[in-house]
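Asks: output the structure for:
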Amino acid sequence: MIFAGKRPNNLGVNNGRLAACPNSPNCVSSQSSDAIHQIAPLTFNTSPEEAIANLKSIIQSLPRTTIITETPDYLYAEFKSALMGFVDDVEFYLDREANIFHVRSASRLGQSDLGINRKRIETIRAGLQAL
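Replies: A predicted model of the protein is given here:
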């Protein structure tokens, strides 16, 4: 775990918002307004409780993943890269009114993530839509 880095202290939901992405391109967020970081929120057609259970199941099915925090409206997981042990922090905030999950996926270290954070969210999106 040479490249794990320290767990950020700005994670979680604050006034209905996840932390903003840093200037580096190795982060995506459904609450970001700039094109580099913007990604669509995850949608669902089930009850919020079923949706978060489905989301948790998909996250747990992915390799080298640990769920760190779980509440009825929020999931935070760490994803570790296979080769070097880089850690990405991935958050999901359930907006019950809009039937969406706001998402934020960010690398702890480095500049570029070679699109890994965006690909991960799209993999999770596809998993949710397949249910």
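
Asks: give me the pLDDT value at the residue nearest to residue 64 when sequence neighbours are not counted.
Replies: For residue 64, ignoring the flanking residues on the chain, the nearest one in space by C-beta to C-beta, 6 or more residues apart in numbering is residue 80 at 4.1 Å. The way it works is simple: take the backbone N, C-alpha and C, and place the C-beta from them, glycine included. Note on residue 80: pLDDT of 94.

Asks: strands of the chain, start to end?
Replies: Counting by DSSP state E, residue ranges of the strands within the chain are 27-29, 42-43, 65-71, 74-80, 87-95, 100-107.

Asks: partner strands of the fourth one, with direction?
Replies: For strand 74-80, the paired strands and their directions (DSSP bridges) read strand 65-71 (antiparallel), strand 87-95 (antiparallel).

Asks: got TSV for those strands, with distance to residue 107 and mean pLDDT too?
Replies: Converted to TSV, the strands paired with strand 74-80 look like this (distance: least, C-beta to C-beta, whole Å; pLDDT from 0 to 100):
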stretch	distance to residue 107	mean pLDDT
strand 65-71	15	97
strand 87-95	5	97
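
Asks: can you tell me which of these is packed in deepest?
Replies: When those are scored by mean count of other C-beta atoms under 10 Å, the highest mean neighbour count falls to strand 87-95 (a mean of 22).

Asks: nice, that's everything, thank you.
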